[in-house]
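Visitor: Next input, structure requested:
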Amino acid sequence: MENRHKKSMVMIIVLMMGVTSYVQACLTTFINDKGVRVFIYNKNDKVIIPVERNEKRRFGNPHKHAYFAIHMQEPNTRLLSRVYVCKQNECGKRGNIELKLSDIENGTEATKLFTITKEDPYSSMVQNLPMMQKKNCHSCSGE
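Guide: Prediction:
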């Protein structure tokens, strides 16, 4: 009786480990492998994440596909330009996708899980502000 109990407990533990190892999270680790300062605007959480040179940051939600914009700081200024908008199409097989800035620029295999849109080089984070999106903003239109 005791031996049967131990076997059933071992079987339950093995099944639980099998179920939990298949969980696919949609977290993204962004690696800034270029010599510029980058800011990630996570559109799901509405959070700005600074990523310094040769640094990596993990962000996202385990249950939602990543949706973010990449802004680069212009050299010798404080101006930011939105360069790419990335929307994740499917979760990674191992849960965490590592995405390098150079992968995005070169369109390598790591970018296949994303829809990446290259933006106009002079678009700005200011365009995302609610006051700039309103059609009746008199101070915004110069009137």
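Visitor: What values do phi and psi take at Arg78?
Guide: The phi and psi torsions at Arg78 (degrees, to the nearest 10) take the values phi -110, psi 10.
Visitor: Offset the numbering so it begins at 338, please.
Guide: Got it, the first residue is 338 from now on, which makes the last one we talked about Arg415.
Visitor: how close does it get to Lys401?
Guide: Arg415 sits 31 Å away from Lys401, taking C-beta to C-beta, to the nearest Å as the criterion. Where you see a C-beta, it was placed from the backbone N, CA and C, and this is true even at glycine.
Visitor: So which residues make contact with the top strand by length along the chain?
Guide: Using DSSP state E to define each element, the chain has its longest strand at strand 417-425. Taking contacts as C-beta atoms under 8 Å, 6 or more residues apart in numbering, the residues outside strand 417-425 that touch it are 363, 365, 376, 378, 402-411, 434, 436, 441, 450-462, 464.
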